[in-house]
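Peer 1: Need coordinates for the below:
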Amino acid sequence: MKSPYTFLEVELEIVGIYTLAEALAPVGHPFNNPENQIYVDAGTALELNDEERIHRAVYSIDDPVEASAFVEKAKALPEAFSKEKEIIYTVNNSEYRNVSGALNSIMGITIAMVTASMVMGAIILTLLVIMAMKERDFEIGILLSMGERKWKIIAQMILDVLVPVMLAVTASVFISGWVAQSNGTLLGGENIKVTIERAPVIIMYLCGLGLTLLASTVSIWKITRYRPKKILMAIE
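Peer 2: Numbering: from 1, shown residues only. Next up, the predicted model:
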């Protein structure tokens, strides 16, 4: 009986061997096992299949967001135009759209909650700092009556508030990165890597500086406007 298969001899160079990260269930035929797949260039594939042209090709990209841009670049290639048959491009990113849609909804709610928490935290922090500064009116009056320069007192008061705020912001950056990475690992395993961009961190530091200056405004105004005697009399 004559074999229905045609055997071809093609000389190939092995550049690497891969194994699956996870074991699969037993398959019926060896050619269905992904470990038995051979990745070759288009020319070799045509030669092995005794074909003159490619009828169907599947491309996998790392970022599904770039799928549309990839198709546009492929259409712009001179090889994409054929007089015999038009090439049809199909983007299969339905799974990504389903997941990203749910994540975008959750992200919107999360951003709203975080924004509200930050605003409330800023208000509470400002009020606490103002109250703490008010308790130092007696100290300010004594220092001014002793001839201490106003700018030194102002600088000292700002530093007393600014240093703890900056330390808290720095700690929050490291803690938030650790918490986000832990949650990412729980959701998607080791494939999710969480990184904190530089711009949000800079914004947090600037917000901390702004809150410190805002909370110190009342005390700074007293130092620049009031005389030591008036400050001490106001306390009494």
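Peer 1: Kindly provide the whole-number mean pLDDT of the strand or helix carrying residue 46.
Peer 2: Using DSSP states H and E, residue 46 maps to helix 42-48. If you average the pLDDT over helix 42-48, you get 77.
Peer 1: Check stretch 213-223 too.
Peer 2: pLDDT averaged over stretch 213-223 gives 74.
Peer 1: So which residues make contact with it?
Peer 2: With CB atoms under 8 Å, 6 or more residues apart in numbering as the test, stretch 213-223 has contacts from 125-126, 129-130, 133-134, 136-137, 140, 144, 150, 153-154, 157-158, 161, 231. C-betas here are computed from N, CA, C, even on glycine.
Peer 1: got it, and stretch 167-181?
Peer 2: 193-196, 201, 204-205, 208.
Peer 1: So which of those sits lowest on pLDDT?
Peer 2: In terms of pLDDT, the lowest of the contacts of stretch 167-181 is residue 194, showing 67.
Peer 1: Could I get the full set of helices for the protein?
Peer 2: With DSSP state H as the criterion, the chain has helices at 42-48, 67-76, 94-134, 137-145, 150-188, 198-215, 217-225, 228-235.
Peer 1: Just name the most buried of those helices.
Peer 2: Counting by mean count of other CB atoms under 10 Å, helix 137-145 has the highest mean neighbour count of the helices of the chain, with a mean of 17.
Peer 1: Just put the contacts of stretch 167-181 in a markdown table and tack on distance to residue 97.
Peer 2: Below are these laid out as a markdown table (distance: CB to CB, whole Å):
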| residue | distance to residue 97 |
| --- | --- |
| 193 | 23 |
| 194 | 23 |
| 195 | 24 |
| 196 | 27 |
| 201 | 31 |
| 204 | 32 |
| 205 | 37 |
| 208 | 39 |
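Peer 1: okay, and for this structure, where does confidence drop off?
Peer 2: By pLDDT under 70, the weakly predicted segments of the chain are 1-6, 26-28, 78-86, 99, 102, 183-192, 194, 222-223, 226-236.
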